[in-house]
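Colleague: kindly return the folded structure for what I paste below:
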Amino acid sequence: MKQIQEAVNFIKSYNYTSPKIGIILGTGLGGLLEKCQVELSIPYKDIPHFPEATVESHQGQLIFAQIENKSVVIMQGRFHYYEGYDAKEITFPVRVLKELGIGNLLISNASGALNTDYKKGDLVIVNDHINLLFDNPLRGKNIDEHGPRFTDMSEPYDPKLRDLLWKCSKKIESTFHTGVYAAWQGPSLETRAEYRMLKIIGADLVGMSTVPEVIVANHMSLPCAVVSVLTDECDPDQLKPVSIEEIIATARNAEPHLTQLFTMLIAEL
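Modeller: Take a look at the predicted model:
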């Protein structure tokens, strides 16, 4: 809590409108910033105890802005287990955002499609997850000020936010699904056998982020929603090599639909 408060106090030394909504932008999904009226940008490296983004496609700055006349704080760039951070470090910024006053958390990511009904470029409103990072941000001494020792995860993705996302999606010319997200350690992509395993255990899509942040949001009773952009198709029987450049390009092509969805949702909140 001391480190969290030091980060919060540093951020509060700047002038900005207190945010009500927090947003975490995933790989290749920065187009939402074009819809913002930016008030303030703070590089992560300047914020006490904040990790630094090491992935080239993640800019690494905290942005305070207005979207649809709502005050938001945007994480332009997130942290991943494969960068060498543990789950506590990955989720430190989420705890800071809650202390800054946000009441809802919106998360985006780029994922691979395991469900063969899903296609590259589709969007998925996540309804559940499987944690295969084998790390939990709540492990260790509990932060009693934020939540209980044993956090209920029966409904990790807020039903009201999911319903609003579905309502908004009906007005967007894109294909939407709902499904289960599996968090993979990375940074290597999965093998054919691993894709088969993931499908067997019930995953519809797979990525390398998001789950730690969702766990901490639930610990703090912070309603959250996640939308994934599908960047590749992971059918083990028809698997083709894919590069990170292709993944980022596909995410950017689908990104306008995600921006439209989040903008409409924010207007409803």
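
Colleague: distance of Leu123 from Tyr14?
Modeller: From Leu123 across to Tyr14, the span is 34 Å (CB to CB, to the nearest Å). Bear in mind the C-beta positions are built from the backbone N, C-alpha and C, glycine included.

Colleague: more neighbours, these two?
Modeller: Leu123 (22 against 12; other CB atoms under 10 Å).

Colleague: wait, doesn't the more buried one sit right on Thr250?
Modeller: No. Judged on CB atoms under 8 Å, Leu123 makes no contact with Thr250 at a distance of 11.9 Å.

Colleague: what is in contact with those two at once?
Modeller: Counting by CB atoms under 8 Å, 6 or more residues apart in numbering, the shared contacts of Leu123 and Thr250 are Val229, Leu230.

Colleague: which of the three states applies to Gln3?
Modeller: helix (DSSP: H, G, I helix; E, B strand; the rest coil).

Colleague: what is the burial count for it?
Modeller: Here the number of neighbours of Gln3 (other CB under 10 Å) works out to 13.

Colleague: same check, this time on Lys167
Modeller: 12.

Colleague: spatially nearest residue to it (excluding sequence neighbours)?
Modeller: Of all residues not flanking Lys167 in the chain, Glu268 sits nearest, at 7.6 Å (CB to CB, 6 or more residues apart in numbering).

Colleague: kindly provide the distance from that neighbour to Glu173.
Modeller: Using CB to CB, Glu268 is found at 19 Å from Glu173.

Colleague: for these two, indicate the residue with more neighbours.
Modeller: Remark: of Glu268 and Glu173, Glu268 carries more neighbours, 12 against 6, as counted by other CB under 10 Å.

Colleague: need the contact list for Ile59.
Modeller: One correction, residue 59 is Gln, not Ile. So Gln59 contacts Gly30, Ala53, Gln76, Gly77 (CB under 8 Å, 6+ apart).

Colleague: apologies, that question was intended for Gly30.
Modeller: Listed by CB under 8 Å, 6+ apart, the contact partners of Gly30 are Gln59, Gln76, Glu255.

Colleague: helix/strand/coil for the last one?
Modeller: In three-state terms, and counting by three-state DSSP, Glu255 is helix.

Colleague: understood, closing this out.
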